[in-house]
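Asker: with the input below, show me the fold.
(one chain, ligands or ions: 2)
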Amino acid sequence: MNSRMNLNIVCIPGDGIGPEIVAEAKKVLDKVAVKFGHSISYKDILMGGASIDACGEPLTDEAIAAAKAADAVLMGSIGGNTSTSPWYQLPPHLRPEAGLLKLRKELNLFANLRPAYLYKELREACPLREDIIGGGFDMMIMRELTGGLYFGERSTRTMNGVVTAVDTLTYTENEIRRIAIKGFDIAMKRRKKVTSVDKANVLDSSRLWRKVVEEVALDYPEVTLEHMLVDNCAMQLVKDPKQFDVILTENMFGDILSDEASMVTGSIGMLSSASLNDTKFGLYEPSGGSAPDIAGKGIANPIATILSAAMMLRYSFDLDEEADAVESAVRKVLEDGFRTIDIMPQEESRRAGVSQVGTAMMGDLISNRI
Ligand code: IPM
Ligand code: MG
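Answerer: Ligands and ions are numbered 1, 2, ... in the order given. A predicted model of the protein is given here:
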């Protein structure tokens with residue numbers, strides 16, 4: 001049993017379904033605290049649309065300071081409907097997503113871990129054929145999070161009478177090295193395989209990526225390294241997902257591939273994530289978005305957020321036993337047949353023994369099993 005800890009957590013409920021799913025993760029964390037004798041204090045801060053509405057900007061300096069002072073940050077989701085929400089009439093640096101990007105940069109959260117794992121209970125929800133997912137799959141996408149296209153210089157201007165937009169993709173060898181080291185470290189705790197994904201047949205940044213990853217690999221003789229072009233990787237994810245252990249990739253590729261990987265697990269509502277810096281500090285959030293179409297309906301899947309809270313226990317607090325307890329509670333609830341709507345079997349004939357529950361009920365079921 002671990003000694004009693006005092007966890008100081010900043011929460012960012014955010015927009016859309018964010019507040020609903022964060023509430024369920026807190027419920028589960030509170031149960032962990034009672035069960036294992038820890039104490040947790042929470043402080044909420046605003047980010048994204050909620051902060052734009054209240055403070056006129058997506059992330060205030062006070063909010064950043066509060067996040068920096070915490071032991072870890074638990075986030076829901078931010079943003080709204082990009083075609084209808086008034087937030088998207090604002091200049092880009094004032095839109096909801098700018099808050100999240102600023103927070104990632106300010107906290108130096110360069111390593112984004114996105115595990116994609118197929119629960120056997122959710123095979124029904126996986127869009128891939130049984131012969132493809134037969135053996136299940138379990139991969140960790142390691143996405144670089146503070147460099148590349150997301151943070152390069154950008155502009156839109158008229159040149160010679162033609163409107164021209166420019167985004168810049170920059171990586172330094174140091175940025176690549178530190179994420180590669182994290183990727184190999186994680187691989188050592190898993191099946192010892194790293195697939196480094198790039199576009200080295202076209203991009204200079206990818207050629208540097210490949211070179212630095214190969215240098216780092218020399219320090220990990222037990223890990224098998226392979227390189228894969230990103231377009232091929234997108235294909236392989238649906239053709240043979242079990243081949244992957246750790247996928248190591250840059251920011252934009254990781255954004256796209258992690259959405260794809262999440263869908264083959266059955267639902268983006270299942271995919272947790274951790275964004276880490278080079279200390280124990282991290283920001284934990286579901287990989288999915290704010291789903292404004294279902295916000296406030298009490299039907300969102302809180303599991304990704306609850307599993308993100310488990311990652312927090314594991315990576316920021318070294319509370320492995322507690323994290324295991326959360327993960328096995330989730331598995332138990334799925335085994336018992338409880339599903340939110342996004343992971344309900346489509347066919348009537350497969351619904352025997354399966355019951356549909358809402359967001360709060362799912363949180364109750366999981367916390368009751370801890
Ligand atoms: C994600 C999201 C963000 C990203 C958006 C909201 C800026 O899609 O965390 O994957 O692109 O990184
Ligand atoms: Mg994304």
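
Asker: next up, the contacts around residue 50.
Answerer: Residue 50 is in contact with 13, 14, 15, 78, counting by Cβ atoms under 8 Å, 6 or more residues apart in numbering. Just so you know, the C-beta spots here come from the backbone N, C-alpha and C atoms, and that holds for glycine as well.

Asker: touching, residue 60 and residue 48? I think so.
Answerer: No - between residue 60 and residue 48 no contact is recorded; they are 11.8 Å apart, counting by Cβ atoms under 8 Å.

Asker: between these two, who's got more neighbours?
Answerer: residue 48 (30 against 17; other Cβ atoms under 10 Å).

Asker: how much space is there between that one and residue 311?
Answerer: As defined by Cβ to Cβ, to the nearest Å, residue 48 lies at a distance of 21 Å from residue 311.

Asker: what of residue 171?
Answerer: Applying Cβ to Cβ to residue 171 and residue 311 gives a distance of 26 Å.

Asker: ditto for residue 291
Answerer: For residue 291 relative to residue 311 (Cβ to Cβ), the value is 21 Å.

Asker: could you do residue 21 as well?
Answerer: According to Cβ to Cβ, residue 21 stands 15 Å off from residue 311.

Asker: who has more neighbours, the two?
Answerer: Neighbour totals were compared for residue 21 and residue 311, and residue 21 leads with 32 against 23 (other Cβ under 10 Å).

Asker: which SS class is the more buried one?
Answerer: In terms of secondary structure, residue 21 is helix; the call rests on DSSP: H, G, I helix; E, B strand; the rest coil.

Asker: which of the three states applies to residue 127?
Answerer: Three states are possible here, and by three-state DSSP the one that applies to residue 127 is coil.

Asker: so what's it up against?
Answerer: The contact partners of residue 127, by Cβ under 8 Å, 6+ apart, come to 263, 264.

Asker: and whichever residue of the stretch 101-250 of the chain sits closest to ligand 1, what element?
Answerer: Among all residues of the stretch 101-250 of the chain, residue 101 sits closest to ligand 1, at 6.2 Å; criterion: Cβ to the nearest ligand atom. Secondary structure from DSSP states H and E places residue 101 in helix 96-106.

Asker: neighbours around the closest residue to ligand 1 within the stretch 151-300 of the chain, how many?
Answerer: Of all residues in the stretch 151-300 of the chain, residue 255 sits closest to ligand 1, at 4.4 Å by Cβ to the nearest ligand atom. The number of residues packed near residue 255 is 19, by other Cβ under 10 Å.

Asker: list the buried residues of stretch 41-57.
Answerer: By 16 or more other Cβ atoms under 10 Å, the buried positions in stretch 41-57 come out as 45, 46, 47, 48, 49, 50, 51, 52, 57.

Asker: who does the lengthiest strand in the chain touch, helix- and strand-wise?
Answerer: The strand of greatest length in the chain, counted in residues with DSSP state E as the criterion, is given as strand 6-14. The elements that strand 6-14 packs onto, with contact taken as 3 or more Cβ pairs under 8 Å, 6 or more residues apart in numbering; DSSP states H and E, are helix 18-36, strand 39-44, helix 49-55, helix 61-69, strand 72-77.

Asker: what ranges does the protein have for its strands?
Answerer: With DSSP E, the ranges of strands along the chain come out as 6-14, 39-44, 72-77, 111-117, 138-144, 154-159, 162-167, 193-198, 224-229, 246-249, 274-276, 282-284, 338-339, 355-356.

Asker: now the ones you listed as TSV including mean pLDDT?
Answerer: Output for the strands of the chain, formatted as TSV (pLDDT from 0 to 100):
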stretch	mean pLDDT
strand 6-14	97
strand 39-44	98
strand 72-77	98
strand 111-117	95
strand 138-144	97
strand 154-159	95
strand 162-167	97
strand 193-198	98
strand 224-229	98
strand 246-249	98
strand 274-276	98
strand 282-284	98
strand 338-339	96
strand 355-356	96
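
Asker: now for those strands, which one comes closest to residue 212?
Answerer: Evaluated with Cβ to Cβ, the strands of the chain place strand 193-198 nearest to residue 212, the distance being 9.6 Å.

Asker: just to revisit the earlier point, wait, the residue of the stretch 101-250 of the chain closest to ligand 1 touches residue 149, no?
Answerer: No - at 11.3 Å, residue 101 and residue 149 do not qualify as touching, with contact defined as Cβ under 8 Å.

Asker: check what pLDDT the closest residue to residue 81 other than its chain neighbours gets.
Answerer: With Cβ to Cβ, 6 or more residues apart in numbering as the criterion, residue 81 has its nearest non-adjacent residue at 4.9 Å, and that residue is residue 292. pLDDT recorded at residue 292 is 95.

Asker: quick one: neighbours of residue 292, just the number.
Answerer: In terms of burial, residue 292 registers 18 neighbours under the definition other Cβ under 10 Å.

Asker: report the separation between it and residue 78.
Answerer: 11 Å.

Asker: pick out the residue closest to the middle of the protein.
Answerer: Against the mean C-alpha coordinate of the chain, by Cα atoms, centre = their mean, the closest residue is residue 273 at 2.9 Å.

Asker: does that one touch residue 308 like I think?
Answerer: Yes - with contact defined as Cβ under 8 Å, residue 273 reaches residue 308; the gap is 6.1 Å.

Asker: overlap of the contact sets of those two?
Answerer: Common neighbours of residue 273 and residue 308 (criterion: Cβ under 8 Å, 6+ apart): 284, 285, 286.

Asker: give me every residue that touches residue 88.
Answerer: Residues near residue 88 by Cβ under 8 Å, 6+ apart: 80, 81, 82, 95.

Asker: what's the closest non-adjacent residue to residue 226?
Answerer: The shortest distance from residue 226 to any residue that is not its chain neighbour, by Cβ to Cβ, 6+ apart, is 5.3 Å, and that residue is residue 195.

Asker: many thanks, I have nothing further to ask.
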